[in-house]
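# the sequence isn't on hand, but the structure is:
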């Protein structure tokens, strides 16, 4: 079964423009019967978020996937590629 990305809201052109601009998006990914919340980041936003959390709390902890640009195509391609490697959840 192909993995499925479940977006938090209906993602039209404006929502994708906004998401790409902010550089992160939390979605639910369903692999077989397993659902996981995963945050997607672009590299710039990941660096910013890590630095803020490190300064504030001394650590950064999230279940993440990093893509070059935060687009629907990049999110879905990453999830498909992970699924093709037989991974059914991220630890």
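Noted; the coordinates are in hand. As the structure is a prediction and not an experimental result, all values here were calculated from the model. Numbering: from 1, shown residues only.

# give me the below-cutoff pLDDT ranges for the chain.
Low-confidence segments of the chain (pLDDT under 70): 1, 86-91.

# which other helices and strands contact the helix or strand hosting residue 39?
Under the criterion of DSSP states H and E, residue 39 resides in strand 34-41. Under the contact criterion of 3 or more CB pairs under 8 Å, 6 or more residues apart in numbering; DSSP states H and E, strand 34-41 touches strand 24-31, strand 64-66, helix 72-84. Yep, even glycine has a C-beta here, placed from its N, CA and C like the rest.

# quick check, central residue of this structure?
residue 40 (2.0 Å; CA atoms, centre = their mean).

# quick check, it in contact with residue 78.
Yes: Residue 40 is within contact range of residue 78, at 7.5 Å (criterion: CB atoms under 8 Å).

# what touches both of those two?
When contacts are counted by CB atoms under 8 Å, 6 or more residues apart in numbering, residue 40 and residue 78 have 65, 67 as shared neighbours.

# which SS state does the spatially closest residue to residue 15 that is not a sequence neighbour fall under?
Sequence neighbours aside, residue 9 is the residue nearest to residue 15 in space, at 6.5 Å (criterion: CB to CB, 6 or more residues apart in numbering). Here residue 9 takes the coil state, with states given by DSSP: H, G, I helix; E, B strand; the rest coil.

# distance of residue 9 from residue 51?
Residue 9 is 28 Å from residue 51, where distance means CB to CB, to the nearest Å.

# try residue 42
Noted for residue 42: a distance of 15 Å to residue 51, by CB to CB.

# between these two, which is the more surrounded one?
Neighbours per residue, other CB atoms under 10 Å: of residue 42 and residue 51, the larger number sits with residue 42, 20 against 11.

# next, give phi and psi for the more buried one.
Dihedral angles of residue 42 (phi, psi; degrees, to the nearest 10) stand at phi -90, psi 160.

# ramachandran angles for the nearest residue to it once chain neighbours are set aside?
Leaving aside its sequence neighbours, residue 42 sits nearest to residue 23 (CB to CB, 6+ apart; 4.5 Å). Backbone torsions for residue 23, taken as degrees, to the nearest 10, come to phi 90, psi 10.
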